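S.K.: predicted model follows, preceded by the sequence.
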Amino acid sequence: MSVTRKDMDECSVHLTPDDLAVEILDQRALPNRTEYMLLETAQEFYDAIRTLAVRGAPAIGICAGYAMYVLALRSGAKTGSELIALLEKDGEYLISSRPTAVNLAWAVRRMLERARSLENESPEAVTKALLEESKAIHAEDIGMCTRISEYGLTLVRPGDGILTHCNAGPLATSKYGTAIGPVLLGKERGIDFKVFSDETRPLLQGARLTSYELQKAGVDVTLICDNMASIVMKNGWVQACFVGCDRVAANGDFANKIGTSGVAILAKHYGIPFYTLGPCSTIDMNCPTGADIKIEERDPEEVKSLWYEKPMALPEVKCYNPAFDVTDHSLVTAIVTDRGIVYPPFDENLKKIMEK
Ligand code: MRU
């Protein structure tokens, strides 16, 4: 697969044409405004990831790759080893912005490994190699999303209803996305689906982003509140659930946006196949089970006041705001990766696919 600069520029994260900074489409402003932001410093990258200006596991990984390159470019380091020490510090800082999506740490570590392999070279040579590596991470993601979309497309029939949760489309990745990939690839080939998009409380990624992307692409999309998933399943309108993932453990448990495990439980109740779709970079073989995944907790105000003109709870009311939950592997029909579709037993079959 050949990837052009244009393919990469069309993503929600890319380098500026002069390769001096990262430009992101600010996902916080959608669907009402299309705004771009330039990121150049470690603080700016940290804040953009933390506040979800850039979000979605693969997009965060792509951004982190570019961030490491831009930080190298701007470091002023005099030697390769001085540069690597600075990047190690900045890399840890970036990783600390969001703990759950493995792609963030994965991309930072991949960039550091490349830098360390050139420790005795000049800072310019290291930086040049990091530019290549960051572009490779991005190009690979486009390829992975395309393959995931192809595999996912084999699991559904024209006209099927597909329920999705959160946003795992192009904004969260590159090109087609992961969970939304089969729908967009199908659309290109004249195959239509009916998508039900959970609004996804508390940050409304489904309402603001998924229904936006699908509506713009001409897909039949219906926005529902999270608590309506059961009725649309009961009505017989859903033939498959497609969701993304932020970290897949070695036994097939996986973390994704809060509420995903509830969708999986409902799907099991109604006998609907439930799939998670994600690249192999989201599979963490060092994480034995879902219990080992660190779940990010976020500001209670996202639940209590963010979307309202007035606060919707007394200030002293306790609030629990986990950003992700873990879906038990027993609820998962299959994990769709860029290397193929993985069925249970997941512990054996994930191992095989990761050794490929
Ligand atoms: O908090 P977010 O919006 O970054 O959460 C994103 C998700 O849960 C996505 O489903 C996941 O990252 C996969 S994106 C292909």
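M.R.: Perfect, I can see it now. Numbers count the residues shown, from 1 in each chain.
S.K.: would stretch 128-145 count as contacting the ligand?
M.R.: No: contact of stretch 128-145 with the ligand (Cβ under 6 Å from any ligand atom) is absent, the minimum separation being 8.3 Å. Any C-beta I mention is one placed from the backbone N, CA and C, and that applies to glycine too.
S.K.: may I see the buried residues of that stretch?
M.R.: Neighbour-count burial for stretch 128-145, counted by 16 or more other Cβ atoms under 10 Å, picks out 128-131, 133-135, 137-145.
S.K.: what is the most widely separated pair among those?
M.R.: Spanning the widest gap among the buried residues of stretch 128-145 are 128 and 145, at 26.9 Å by Cβ to Cβ.
S.K.: what is the longest helix seen in the chain packed up against?
M.R.: Using DSSP state H to define each element, the chain has its longest helix at helix 123-153. Packing partners of helix 123-153 (3 or more Cβ pairs under 8 Å, 6 or more residues apart in numbering; DSSP states H and E): helix 5-9, strand 13-15, helix 57-73, helix 80-95, helix 102-116, helix 181-188, strand 274-277, strand 334-337.
S.K.: who are the neighbours in contact with residue 92?
M.R.: Counting by Cβ atoms under 8 Å, 6 or more residues apart in numbering, residue 92 touches no other residue.
S.K.: now do residue 333
M.R.: Residue 333 is in contact with 273-275, 343, counting by Cβ under 8 Å, 6+ apart.
S.K.: neighbour-wise, which one of the residues you listed leads?
M.R.: residue 275 (23 neighbours; other Cβ atoms under 10 Å).
S.K.: ok, now how distant is that one from the ligand?
M.R.: 13 Å (Cβ to the nearest ligand atom, to the nearest Å).
S.K.: residue of this structure closest to the ligand, please.
M.R.: In the chain, the residue found nearest to the ligand is residue 244; the distance is 2.7 Å by Cβ to the nearest ligand atom.
S.K.: from residue 1, how far out is that residue?
M.R.: Look at residue 244 and residue 1: by Cβ to Cβ, to the nearest Å, they are 21 Å apart.
S.K.: not counting sequence-adjacent ones, nearest residue to the residue of the chain positioned farthest from its centre?
M.R.: Here the chain reaches farthest from its C-alpha mean at residue 78, the gap being 35.5 Å by Cα atoms, centre = their mean. Excluding the flanking residues, the one nearest residue 78 by Cβ to Cβ, 6 or more residues apart in numbering is residue 123, at 7.0 Å.
S.K.: that neighbour against residue 85, yeah?
M.R.: No: the pair residue 123 / residue 85 is not scored as a contact, 11.5 Å apart, by Cβ atoms under 8 Å.
S.K.: those two: which has the busier surroundings?
M.R.: Each of residue 123 and residue 85 has its neighbours counted (other Cβ under 10 Å); residue 123 has more, 22 against 13.
S.K.: report pLDDT for the more buried one.
M.R.: Residue 123 carries a pLDDT score of 97 in this model.
S.K.: could you number the chain from 290 rather than 1 from now on?
M.R.: Yes, from this point I'll number from 290; that puts the last item at residue 412.
S.K.: list the contacts of it.
M.R.: Contacts of residue 412 by Cβ under 8 Å, 6+ apart are 361, 364, 366-369, 371-372.
S.K.: buried only: go through the residues you listed for me.
M.R.: 361, 364, 366, 369, 372.
S.K.: okay if I get those as a markdown table plus distance to the ligand?
M.R.: Shown next, in a markdown table, are these (distance: Cβ to the nearest ligand atom, whole Å):
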| residue | distance to the ligand |
| --- | --- |
| 361 | 25 |
| 364 | 28 |
| 366 | 31 |
| 369 | 34 |
| 372 | 30 |
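S.K.: now those residues as CSV including pLDDT?
M.R.: Output for the buried ones among the contacts of residue 412, formatted as CSV (pLDDT from 0 to 100):
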residue, pLDDT
361, 98
364, 96
366, 95
369, 95
372, 98
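S.K.: hmm, residue 477 and residue 507 touching each other?
M.R.: No: here residue 507 lies out of contact with residue 477, judged by Cβ under 8 Å, at a distance of 10.5 Å.
S.K.: relative orientation of the longest helix of the chain and helix 391-405 in degrees?
M.R.: For helix 412-442 against helix 391-405, the angle by axes from the mean of the first three to the mean of the last three Cα atoms, to 10 degrees is 150 degrees.
S.K.: immediately after helix 412-442, which helix or strand?
M.R.: Following helix 412-442 in sequence order, the next helix or strand is strand 450-453 (DSSP states H and E).
S.K.: thank you kindly, that will do.
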